[in-house]
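**Student:** Structure of the sequence below:
(chains A and B)
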Amino acid sequence: MNVYKPKPVSGFPEWLPEERLIEQQWMDHIRKVFESYGFCSIETPSVEELDVISAKGEVDKEIYVLERLHKEDGDSGKEARLALHFDQTVPLARYVAQHFNDLVFPFKRYQIQRVWRGERPQAGRFREFYQCDIDVINVDALPLHFDAEMPAIIWEVLSGLPGMETEKIQLRVSNRKILLGLLDDIDCDQVEVLRILDKIEKIGEQETLELLQSLSGDISGFAHVLVKLAAIKAINSGELEKKLQDINDEYILSSSSESYVKGVGDLKAILNYLSHLPEGAVVADLSIVRGLDYYTGTVYETVFTDDPGYGSICSGGRYDDLASSYINKKLPGVGISIGFSRLFDRLRQQGNFDISRKSPADILMILPDEEHRETAANAARILRKRNFNVELYHAPQKIKKQLSYAERKGIPYVWFPDLHQVKDMKRQTQAEATPEHWQPEKD
RNA sequence: GCGGCUGUAGCUCAGUGGUAGAGCUCUCGGUUGUGGUCCGAGUUGUCGUGGGUUCGAUCCCCAUCAGUCGCCCCA
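**Tutor:** Sure, this is the predicted structure:
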């Protein structure tokens, strides 16, 4: 016999039932918190036309395109090329533009879907993964309060996830206007400068400085100031103010830049709005700039405090006008996205999950013999009506075998319909019970 | 796309120039209807793929594919 030996497809994760059970709990929790802030749910197709994804110009992302196997040679010119979306922001922009007249603004939506990126998989990096996005989009102008609401929601979501109890995380906030404002008068490649400053935590201040000084343009004389700025971390607006002042005293920043002043002001205001969160939950970190080019103001990143190198598990920011490629309106927005799969897989590998239950069943109904099948089925029906999940064992096999089955599946209770008794597998106790009145003991 | 490491049973891995092993898992049993422990028995592999060296290769060489880590980039 020749069998095809399956191999996992790298970067396309799948979980065992016990892990999937936790994953579903996570999604339920996330949805509940999002909805508690009034966000509504939408779902967009897995694919967009390639023209939509590349509307802003060239696409340097690793995007999967879809192709029909039986496509004929002449077809290619007629059909729009389809691509799997690599984030949920571009589909959102298209969605908002398309349904503009039917939406109520500010439009607050959440979206929990898979996205695809054809990058090389690594720890915490997949080619197919879930993102949980929330965004607020408004017409013409969007209040700054929303920039502060994002981290508050995320903090509530993340700190309430099963398995996160022992994890320390930190939301880092900055504003792109701060560094960009200072770079305005300087002849340099701004994107390249930000890209280098973004690495400061990884490569250190010294190497960051050297990289900046190796750039062409007028940057080298200014590099040490930028490094000092990017190194700033502050847990509240007072500390941020002070640290900026220190640098200003020493180097006489050209803080006359309108953009710089606005960026600092917005960032301080956000920190003040978030003062109700535990200290250190959200910090200002001026090295955060984010790679995506559409962010224009506030930017977010989230890391494990003890392992920032794992990468951001939740990022986002503010954009002035995302949908300009699709509609002739000004639609500013702010959004943030939980890297669900990255976060989930880390906690899974660390063994943070209680994976004792491999089935949603609360009760295994024993089938003692064929004569008791009706009695057993009936008891199961009554219990199901009372919102218990009940599995009726499939064959009148030895009790030993049926119990072993419950044990292996992690089903916490076993019901003996002939004896009118329930066994608590964990406590190893067995007691009389009726399907109409039985209640599990509280933990 | 670039660089390092790896590729042997379902899983984790050992091993030798002369056609392979351990642990775990799994299945069954340990008589009279109550799981996890323990004991006993049993199943499992084209030693990633193709070529070369050799009397002979899973072990040496080359290529290739796949995995993995780092870079790039990002959730």
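**Student:** Show me what the lengthiest helix in chain A is packed up against.
**Tutor:** The longest helix of chain A (DSSP state H) is helix A:17-36. When contacts are defined as 3 or more C-beta pairs under 8 Å, 6 or more residues apart in numbering; DSSP states H and E, helix A:17-36 packs onto strand A:40-41, strand A:107-116, strand A:128-137, helix A:145-159, helix A:340-349. Bear in mind the C-beta positions are built from the backbone N, C-alpha and C, glycine included.
**Student:** got the angle between that helix and strand A:128-137?
**Tutor:** Here the directions of helix A:17-36 and strand A:128-137 differ by 0 degrees (axes from the mean of the first three to the mean of the last three C-alpha atoms, to 10 degrees).
**Student:** which residues sit in contact with A:Gly124?
**Tutor:** A:Tyr310, A:Gly311, A:Arg342, A:Asp345, A:Arg346 (C-beta atoms under 8 Å, 6 or more residues apart in numbering).
**Student:** C-alpha coordinates for stretch A:226-246, CSV please?
**Tutor:** Only the C-alpha atoms of stretch A:226-246 are listed here, as CSV (Å, rounded to 0.1, in the frame of the first residue of the first chain):
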residue,chain,number,x,y,z
LEU,A,226,17.9,61.8,17.2
VAL,A,227,19.4,58.8,19.0
LYS,A,228,18.8,60.6,22.3
LEU,A,229,15.3,61.3,21.4
ALA,A,230,14.6,57.8,20.1
ALA,A,231,15.9,56.4,23.4
ILE,A,232,13.3,58.3,25.4
LYS,A,233,10.8,56.2,27.3
ALA,A,234,8.3,57.8,29.6
ILE,A,235,5.4,56.4,31.7
ASN,A,236,3.4,59.7,31.8
SER,A,237,3.2,63.1,30.2
GLY,A,238,5.2,64.7,33.0
GLU,A,239,8.2,62.4,32.5
LEU,A,240,8.0,62.9,28.8
GLU,A,241,7.9,66.6,29.1
LYS,A,242,11.0,66.6,31.4
LYS,A,243,13.0,64.3,29.2
LEU,A,244,12.3,66.3,26.1
GLN,A,245,13.2,69.5,28.0
ASP,A,246,16.6,67.9,29.1
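**Student:** outside of it, which residues touch it?
**Tutor:** With C-beta under 8 Å, 6+ apart, stretch A:226-246 has contacts from A:178-179, A:182, A:193, A:197, A:200, A:205, A:208-209, A:212, A:219, A:247, A:251, A:253, A:264, A:267-269, A:271-272, A:275, A:279-280, A:283-287.
**Student:** and A:Arg114, how far is that from RNA strand B?
**Tutor:** 11 Å (C-beta to the nearest atom of the strand, to the nearest Å).
**Student:** cool, A:Asn378 as well?
**Tutor:** Using C-beta to the nearest atom of the strand, we find A:Asn378 at a distance of 16 Å from RNA strand B.
**Student:** who's in contact with that residue?
**Tutor:** Per C-beta under 8 Å, 6+ apart, neighbours of A:Asn378: A:Pro435.
**Student:** SS state for it?
**Tutor:** helix (DSSP: H, G, I helix; E, B strand; the rest coil).
**Student:** what's the answer for A:Ala361, then?
**Tutor:** Once three-state DSSP is applied, A:Ala361 turns out coil.
**Student:** In space, what's closest to it - neighbours in sequence excluded?
**Tutor:** Nearest residue to A:Ala361, sequence neighbours excluded (C-beta to C-beta, 6 or more residues apart in numbering): A:Glu391, at 4.2 Å.
**Student:** how close does the one you found sit to A:Glu436?
**Tutor:** 19 Å (C-beta to C-beta, to the nearest Å).
**Student:** starting at the chain centroid, how far to stretch A:156-165?
**Tutor:** Between the centre of stretch A:156-165 and the centre of its chain there are 12 Å (C-alpha atoms, centre = their mean, to the nearest Å).
**Student:** Can you go through the contacts of A:Gly124 and name the buried ones?
**Tutor:** By neighbour count, with 16 or more other C-beta atoms under 10 Å, the contacts of A:Gly124 hold A:Gly311, A:Arg342, A:Asp345, A:Arg346 as buried.
**Student:** List the buried residues in stretch A:199-215.
**Tutor:** Under 16+ other C-beta under 10 Å, the buried positions of stretch A:199-215 are A:Ile200, A:Glu201, A:Thr208, A:Leu209, A:Leu211, A:Leu212.
**Student:** How many residues are close by whatever residue of the stretch 51-200 of chain A ends up closest to RNA strand B?
**Tutor:** Distances between the stretch 51-200 of chain A and RNA strand B by C-beta to the nearest atom of the strand are smallest at A:Ala123, namely 3.5 Å. The tally of other residues near A:Ala123 (other C-beta atoms under 10 Å) stands at 10.
**Student:** Torsion angles phi and psi at the residue lying closest to it once chain neighbours are set aside?
**Tutor:** The shortest distance from A:Ala123 to any non-neighbouring residue, by C-beta to C-beta, 6+ apart, is to A:Tyr310 (7.5 Å). Note on A:Tyr310: backbone dihedrals following degrees, to the nearest 10 are phi -60, psi -20.
**Student:** which of the buried ones among the contacts of A:Gly124 sit farthest apart?
**Tutor:** A:Gly311 and A:Asp345 (11.6 Å; C-beta to C-beta).
**Student:** Mind checking if the stretch of helix or strand the residue nearest to A:Ala361 belongs to is in reach of RNA strand B?
**Tutor:** A:Glu391 is located in strand A:390-392, with elements delineated by DSSP states H and E. No: judged by C-beta under 7 Å from any atom of the strand, strand A:390-392 stays clear of RNA strand B, getting no closer than 13.5 Å.
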